[in-house]
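Undergrad: All I have is the shape, not the residue letters:
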């Protein structure tokens, strides 16, 4: 038995010691966020944090992880109470199929924990190992920048203008704060901006 | 117009007399796009896919508590279709968005809407749901009118209730009764005036994203059924490989292994835990001995190979109008390699045989055709096979989804009463998915002395772009069985949508033009539908060549296109993209910077799209960096503007990946691009600094779809920008660093 600390809880795991962490997270702990993408450490879909560092869980056997602090997207918040990074991804609608997104989020989380004022170039460099096939990159970058601002708090907003708004989300103006919570069903976000041809 | 023909006079009478707040639109074939006419060919055509099941309660149901459930045969593929369809229903039915839920593609619950493909979902299912919702609203108003003894035109639907004189209010829940909605749709519909929209044409947040960013159960990969086993297949190492021998004795003894299956060339392992299945798969792979044979063409001479293959020629355009004499003639050949769908999550399915019914949870694009193929493969009656769509990783066309569903079904068939989850490995997805076909296009055109195109001759060489299920032989597992099913005969998809010849007819005004589709029957490499089908290469070729002609004519690329475009919506989208990009104010290309523009109307009948791009080419390395892109799109009536933007941004970035980096590689026997190291795609360092999308809204016009409008224009805009930056034209995709460097010759 190997003891794993995941999202602040301890688990006794009976899987073979050579089992990559990803399979234990998904099958033994029934955590969905970390995804199987390649099993080769090439795509980043399985990224989690180990002691705060982004780690490819598909190629990291659990025998190396005893006593280490493992964090997955489930550790960032919940659907009912999403954390800043989760809120930012919802507010920026930063997903198409979304399969790569948890890996993106964990790699971004590692950067923002270390440097909440990361520049655009630093965010891009940080996310370089992670693949997105839908082409959601622009939104992922926006979401990470927004998360940085949310984490920094309202008093020290760097760069982009982000101000809390009572109105619903204005998705068409990406740099406007929305105040939306996780459940789009209960808080539909409307936008008024429409463009029409001149004629 | 035949839209007033009806068989159900009473219902039609009810529908006709109501609705102060709604407009009546004539639904003629010219006004709305029609898809499959379904079973009621003798009846008037119904809008969208409504004819596939004309019963209103096949699409919309209202519960006794007032909750509305909508049913679509289309599937969420990450394009945001669930949210868009809910917006449509909420709007027309006059119910709050959050009171509507949606059931998607399921062979026991939803209409057969074929495949979720071709940017058709909003056009076909959205139109059907919109029509059904509007008719349901009018039925509810009519029922309220009957109960209140008030004229229907004094009633209106608001927030899930019908309001009448003297503050009368009856909720939908109170109005519905057993069979009220169990009636056939009528040919005329009172659709809501777009100026009154409250939910449509708004950027409603997608309903699927919260679960996806919080670790919710969002994908078929996340399914866990009680007692579920994990399976892996071992695929042959190459297309024609035959299994000579495999000793499974040691594998059956491995920890956790439940069963090893062999049927002809089909091999699979089943274990209690997923990683046990992976380890057993690896051992089984090492234990299997295969006989392989060479069957693949020389990759270095792919274009020549395609041009030399026997072709079935179809002339799809041949017109000869009077024009000025040619003063300059240009010709060029363009090509693309085989392209991988490259889903980030390998294909997956869960199957469960119980009580003689095979249930398969799959991320297929077509639950009904997949069911048909799997039933045939298993030799089971159709009604004993049940396919339910559950989201997977984005597919972008026909990837391994259907094959994985078949694999899971075949394995579950051997293990009754045990749910089986099967997922492919990365190398299986990369080497066995059906690729987007390699293609070649040759074009020759002449300009008159005034710089106008006077003749045009275009030919495109391509395999089919559709080898999807329906027949069992389309499934890999079925092909690999001891009693194999033969792959179906490849066929060209017909115009006007076309397959390899999709968008091969330019939308430009050309006095004389000939377009030939050279359909290649033989398929040395497994191919099928990749997002936008032949439109990708055809628009790349046509729009690259338009730039070459503009240069020869001494014209600005945008002005040259406008000079040959009559369609006002096409002109608007070109003008809007040029304006969004500030095309007229762009600097003279210098320092490796270049500017490119391209336009197409997808399938010549769907969304209009134009893209402008700025690149910087590093002359030392040949590497192209896209700095910014600006796009304009006219997708008809917009449902969710942010959803359109998301699709357009994705189309542009995915196309940059195809065109800058991607090539399926192979030797004489095997596919050799088997992972992300051997099949590199775009990463963040190649993402543009900015992408902006301008949407031209066309309220009240038919939905045109948007998911595949951008690939062709984005690809050609890139090539045109590279040519503008370097002064040299690269006509073979991908425009990778090595090829650009070789072309500019530094």
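TA: That came through fine. No experiment lies behind these values; they were computed from the predicted model shown.

Undergrad: what about stretch B:218-230, near chain A?
TA: Yes. Using Cβ under 8 Å from any Cβ of the partner chain, a contact is recorded between stretch B:218-230 and chain A, made by B:218, B:219, B:221, B:222, B:224, B:230. Using the backbone N, CA and C atoms, a C-beta is placed for each residue, glycine as well.

Undergrad: just the helices in the stretch 201-350 of chain B please.
TA: For the stretch 201-350 of chain B, the helices defined by DSSP state H, counting those that start in this stretch cover B:209-212, B:249-252, B:274-287, B:302-308.

Undergrad: Relative to residue B:416, how far out is residue B:353?
TA: 5 Å (Cβ to Cβ, to the nearest Å).

Undergrad: Name the residue in the two with the higher neighbour count.
TA: A direct count of neighbours by other Cβ atoms under 10 Å in any protein chain shown for residue B:353 and residue B:416 places residue B:353 higher, at 24 against 12.

Undergrad: Show me what the more buried one is bridged to.
TA: As for beta bridges, residue B:353 partners with residue B:358 under DSSP bridges.

Undergrad: In this structure it contacts residue B:415, no?
TA: Yes. With contact defined as Cβ atoms under 8 Å, residue B:353 reaches residue B:415; the gap is 7.4 Å.

Undergrad: Next up, phi/psi of residue 86, please.
TA: Since no chain was named, I'll use chain A. phi -70, psi -40 (degrees, to the nearest 10).

Undergrad: Hmm, no, I was thinking of chain B.
TA: phi -60, psi -40.

Undergrad: what residue is smack in the middle of the chain?
TA: This is for chain A. Nearest to the geometric centre of chain A sits residue A:105, at 2.1 Å (Cα atoms, centre = their mean).

Undergrad: Sorry, I should have been clearer: chain B.
TA: residue B:117 (3.6 Å).

Undergrad: Wasn't it part of a strand?
TA: No. If the criterion is DSSP: H, G, I helix; E, B strand; the rest coil, then residue B:117 is coil and not within a strand.

Undergrad: what's near enough to touch it?
TA: B:365, B:366, B:397, B:529 (Cβ atoms under 8 Å, 6 or more residues apart in numbering or on different chains).

Undergrad: Between all of the residues you listed, which two are at the greatest distance?
TA: B:366 and B:397 (11.8 Å; Cβ to Cβ).

Undergrad: low-scoring stretches of chain A, by residue?
TA: The model of chain A has pLDDT under 70 over residues A:154-199.

Undergrad: For it, which segments are assigned as helices?
TA: A:21-23, A:84-91, A:101-114, A:120-127, A:137-152 (DSSP state H).

Undergrad: On the three-state scheme, the closest residue to residue B:703 other than its chain neighbours is what?
TA: With Cβ to Cβ, 6 or more residues apart in numbering or on different chains as the criterion, residue B:703 has its nearest non-adjacent residue at 4.4 Å, and that residue is residue B:122. The three-state label given to residue B:122 by three-state DSSP is helix.

Undergrad: distance of residue B:122 from chain A?
TA: Distance, residue B:122 to chain A, using Cβ to the nearest Cβ, to the nearest Å: 16 Å.

Undergrad: Could you count how many residues lie near that residue?
TA: 32.

Undergrad: Pull the contacting residues for it.
TA: Residue B:122 touches B:81, B:84, B:85, B:639, B:703, B:704, B:705, B:706, counting by Cβ under 8 Å, 6+ apart.

Undergrad: now do residue A:88
TA: Counting by Cβ under 8 Å, 6+ apart, residue A:88 has contacts A:94, A:143, A:144, A:146, A:147, A:150.

Undergrad: Could you measure from it over to residue A:150?
TA: Counting by Cβ to Cβ, the gap from residue A:88 to residue A:150 is 6 Å.

Undergrad: now swap in residue B:672 and tell me
TA: 45 Å.

Undergrad: The closest residue in space to residue A:19 that isn't next to it in sequence and residue B:737, how far apart?
TA: Nearest residue to residue A:19, sequence neighbours excluded (Cβ to Cβ, 6+ apart): residue B:275, at 4.7 Å. When distance is defined by Cβ to Cβ, residue B:275 is 38 Å away from residue B:737.

Undergrad: Just give me the neighbour total for residue B:110.
TA: With other Cβ under 10 Å as criterion, residue B:110 counts 25.
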